[in-house]
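A.B. asks: this one's structure only:
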């Protein structure tokens, strides 16, 4: 485990080169190094790659997959779905004394337990997926909130909840779950 004292690209590169040297002294051949995508590590990768042409320097693959999926979900249909789901969650989360308890009651009635939705963090695909999956999980309860409880959602939010095409688009986004 590397714990360099200098937290900058040059210091990290020196540390990586020392680590590679120690490994080679023990007869271990390092052919690839994968690091996170922090700016410090990106610079260190460039420095090490310049000095050690035989070692493939790789950025974090999980981060690369996140970037790919982020580009895919930037399609207009997906952006609007994510925005609508986020607005619906915000409505219930910001009404913790009235509408959130009623949603909990609907969940208990329909599913036997209170289910919660997840908030998203835009830079992490898995949090966007968790948000979508959690709303899909309580779809019937959300519909009951519109039809039975007359929750005062904005028209576009209520329309989203009533529209099966919107739910199908949300399910399409949910299919990206295998990526995390």
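C.D. replies: Received, thanks. Bear in mind that the values here come from a model prediction, so they are computed numbers and not experimental data.

A.B. asks: and the least confident helix or strand in the chain by mean pLDDT, which residues are buried?
C.D. replies: When the helices and strands of the chain are scored by mean pLDDT, DSSP states H and E, helix 61-72 comes last with a mean of 76. Of the residues in helix 61-72, 66, 69 count as buried by neighbour count, 16 or more other Cβ atoms under 10 Å. For the C-beta atoms, the positions are set from N, CA and C on the backbone; glycine is no exception.

A.B. asks: for it, name the packing helices and strands.
C.D. replies: In this structure, helix 61-72 packs against helix 125-137, with contacts taken as 3 or more Cβ pairs under 8 Å, 6 or more residues apart in numbering; DSSP states H and E.

A.B. asks: which is the succeeding secondary structure element to the helix it packs on?
C.D. replies: Per DSSP states H and E, the first helix or strand lying C-terminal to helix 125-137 is helix 139-147.

A.B. asks: which other helices and strands contact that next one?
C.D. replies: Using 3+ Cβ pairs under 8 Å, 6+ apart: helix 139-147 touches helix 99-111, helix 155-162.

A.B. asks: turn those into a markdown table, including mean pLDDT, distance to residue 59 and mean neighbour count.
C.D. replies: Listed next are those as a markdown table, based on pLDDT from 0 to 100; distance: least, Cβ to Cβ, whole Å; neighbours: other Cβ atoms under 10 Å:
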| stretch | mean pLDDT | distance to residue 59 | mean neighbour count |
| --- | --- | --- | --- |
| helix 99-111 | 91 | 40 | 17 |
| helix 155-162 | 85 | 37 | 16 |
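
A.B. asks: so which elements touch the host helix or strand of residue 43?
C.D. replies: In the assignment (DSSP H and E), residue 43 maps to helix 39-51. Secondary-structure packing of helix 39-51 (3+ Cβ pairs under 8 Å, 6+ apart): helix 9-25, strand 56-58.

A.B. asks: residue most distant from the centroid, the protein?
C.D. replies: residue 25 (40.6 Å; Cα atoms, centre = their mean).

A.B. asks: do you know the pLDDT at it?
C.D. replies: At residue 25, the pLDDT value in this model is 95.

A.B. asks: likewise for residue 115?
C.D. replies: pLDDT, read off for residue 115, is 83.

A.B. asks: now do the contacts for residue 128.
C.D. replies: Applying Cβ atoms under 8 Å, 6 or more residues apart in numbering to residue 128 gives the contacts 73, 82, 120, 121, 122, 173.
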